[in-house]
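I'll drop the sequence and a predicted model, then ask my questions.
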Amino acid sequence: MPDVPLPRSVTARAGTNIALVKYWGKRDAALNLPATGSLSLTLADLGTETRVRFADDAGDASGRDSVMLNGAPADEKVAARVRRLLDLVRARANITLPAEIVSTNSIPTAAGLASSASGFAALTVAACRAAGLTLSPAALSELARRGSGSAARSIFGGFVEMARGERTDGSDAIAHGLLDAGAWDLRLIAAITAVGAKAIGSTEAMDRTARTSPYFAAWKDAVGLDLHAARAALATRDLAALGQVAERSALRMHACAMAAEPPVIYWNAATLAAMRAVTNLRASGVDAYFTIDAGPHVKVLCAPAAAATVETALRAVPGVMQTLVAAPGPGATITEEITEETS
Ligand code: PMV
């Protein structure tokens, strides 16, 4: 039973995260269990704020959860994903009330950067609290994973590791914090190389890669060593070592996906040109390292003092439309909680 009275309106905020050791492939699609572990950096400022309210009058005209995203009703696919997560929260809290969800991304929408990580982390934290549940960060991470694999990591701030887990119920496929946001100040600069949604969603692309890429087994086998090397680099704050792991993890993930049938190719000409700009920067003595997610954008890791140089170099790349600079940020937190008067 809920341990606080309903109805209440709870707002939570979460930063998105960028994986330095990538998650690519699932060991269980229904529970969204990853085939490998992963390691990421949660970002400040680029994120999602989500308000959740469970009440008799909270649903839409048909009585279903009402889901607003960036000021407009969410499209059906997104709303269905949100409702699936809310069903898990309701089952756990033993309530049946519909919810009103109002979610806003601070990630520029045109930028096409993943917002599912911050979106499902903020939704999970706000919905659990609004339903009267008090869950540990680990339990929140497990639940957020059901919405999006990478969301499990955005529950925590700074550098975060997500465990593959061994159990079939997914109870050990959760993230934990490795280094707080304040422990190692770095910058992540995103070079935006296209507008609009990516060609193929990560779930479908992962499934296709796992089924058809002859390199999928090799990809899975290599992740353990990457995680080990990344943890060691974090412990000694060794940017060159961390950057080397990040680049090879991203390249291996994409190589594995490109070898699927039909191929999964996220890059465009500007993606390659931006990667080249980063290697050129390194050749000129600037410590900077790229990573690329399920899209054409290039994200570059560097020390704060190098950020302006890196940003200038990326802006000069033909096809780079915009750059965004982000610092390490905190984990998902509740920002407002209003308990409504009941008569
Ligand atoms: O969380 P999902 O299902 O959108 O998958 C994320 C996949 C990558 O962003 C490409 C890698 C990662 O670990 O975040």
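Perfect, thanks for sending it.

From here on, just use CA atoms for contacts and neighbour counts.
OK.

Strands along the chain, start to end?
Under the criterion DSSP state E, strands of the chain are mapped to 8-21, 26-28, 33-34, 38-54, 66-69, 72-73, 99-105, 159-162, 175-179, 187-192, 288-291, 298-302, 322-326, 333-339.

and these as a markdown table, adding mean pLDDT, mean neighbour count and distance to the ligand?
Below are the strands of the chain laid out as a markdown table (pLDDT from 0 to 100; neighbours: other C-alpha atoms under 10 Å; distance: least, C-alpha to the nearest ligand atom, whole Å):
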| stretch | mean pLDDT | mean neighbour count | distance to the ligand |
| --- | --- | --- | --- |
| strand 8-21 | 97 | 28 | 5 |
| strand 26-28 | 97 | 16 | 9 |
| strand 33-34 | 98 | 26 | 9 |
| strand 38-54 | 97 | 26 | 6 |
| strand 66-69 | 97 | 20 | 17 |
| strand 72-73 | 96 | 12 | 21 |
| strand 99-105 | 97 | 23 | 16 |
| strand 159-162 | 98 | 27 | 9 |
| strand 175-179 | 98 | 22 | 12 |
| strand 187-192 | 96 | 24 | 14 |
| strand 288-291 | 98 | 26 | 10 |
| strand 298-302 | 98 | 25 | 12 |
| strand 322-326 | 95 | 17 | 16 |
| strand 333-339 | 95 | 15 | 19 |
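
residues from this protein in reach of the ligand?
Within the chain, the residues that sit near the ligand (C-alpha under 6 Å from any ligand atom) are 18-19, 22-24, 117, 148-150, 202-203, 293-294.

top of those by neighbour count?
S150 (31 neighbours; other C-alpha atoms under 10 Å).

Just to check, it is in contact with A117?
Yes: at 5.1 Å, S150 counts as touching A117 under the criterion of C-alpha atoms under 8 Å.

which residues are in contact with both of these two?
Residues touching both S150 and A117 by C-alpha atoms under 8 Å, 6 or more residues apart in numbering: N17.

next one: phi and psi at D169?
Here is the backbone geometry of D169 (degrees, to the nearest 10): phi -80, psi 0.

Same check on the one 3 residues further on?
In terms of degrees, to the nearest 10, the main-chain angles of D172 are phi -110, psi 10.

so what pLDDT did it get?
On pLDDT, D172 comes in at 98.

who's in contact with the nearest residue to it once chain neighbours are set aside?
Computed as C-alpha to C-alpha, 6 or more residues apart in numbering, the closest residue to D172 that is not its neighbour in sequence is G165, at 4.7 Å. Contact partners of G165, counting by C-alpha under 8 Å, 6+ apart, are L33, G37, S171, D172, A173, I174.

who wins for proximity to M253 among the strands of the chain?
strand 8-21 (9.4 Å; C-alpha to C-alpha).

helices or strands up against the closest one?
On a contact count with 3 or more C-alpha pairs under 8 Å, 6 or more residues apart in numbering; DSSP states H and E, strand 8-21 meets strand 38-54, helix 116-130, helix 151-154, helix 216-235, helix 239-258, strand 333-339.

would TSV of these with distance to V310 be doable?
Shown next, in TSV, are the helices and strands packed on strand 8-21 (distance: least, C-alpha to C-alpha, whole Å):
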stretch	distance to V310
strand 38-54	18
helix 116-130	25
helix 151-154	26
helix 216-235	21
helix 239-258	14
strand 333-339	31
